[in-house]
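Chemist: Model the following, please.
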Amino acid sequence: MTKTFETPWLPFGFDGMALRWVILLKNEDKGLLEHELIHIEQQKKHGFIKYLFLWIFNDYRRALFEAKAFKYGQRYNDERIIMILVKNYRISHDLAAAAVSIV
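Modeler: Below is the predicted model of the structure:
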């Protein structure tokens, strides 16, 4: 069972963070909560440590994880997701576009 907590501060300028069974949110936002719940599913699928390793060290996997969470959680369109991946996550435009086309 996932627990959700509101917090005034999160590291790295994030608005939400999924950590295994806990979701931390800066504010109550349904789309952001759904985004983080997708990350919880991804963590269960890959295992928390492997997910964390891939998210931190593998730009392609981080792009895939985030593209899916933005597309199905916050329901952003492809162009906006690519822009977010490039600007906020420092993913190359080509890699971001490839990830978005896969999910």
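Chemist: element containing L85, please.
Modeler: Element membership of L85, judged by DSSP states H and E, is helix 78-89.
Chemist: Which strands or helices does that helix pack on?
Modeler: Counting contacts by 3 or more C-beta pairs under 8 Å, 6 or more residues apart in numbering; DSSP states H and E, helix 78-89 packs against helix 59-72, helix 93-102. Using the backbone N, CA and C atoms, a C-beta is placed for each residue, glycine as well.
Chemist: Can you name the residues in contact with the longest helix anywhere in the chain?
Modeler: For the chain, the helix that runs over the most residues, judged by DSSP state H, is helix 30-46. Under the criterion C-beta atoms under 8 Å, 6 or more residues apart in numbering, residues 2, 4, 15-18, 20-21, 23, 25, 51-52, 54, 65, 68-70, 72-75 lie in contact with helix 30-46.
Chemist: same question, stretch 11-19
Modeler: So stretch 11-19 is in contact with 10, 23-27, 29, 32-33, 35-37, 39-40, 43, going by C-beta under 8 Å, 6+ apart.
Chemist: Show me which of those is closest to I81.
Modeler: The nearest member of the contacts of stretch 11-19 to I81, counting by C-beta to C-beta, is H35 at 11.1 Å.
Chemist: Burial check on W21, number of neighbours?
Modeler: When counting by other C-beta atoms under 10 Å, one arrives at 12 neighbours for W21.
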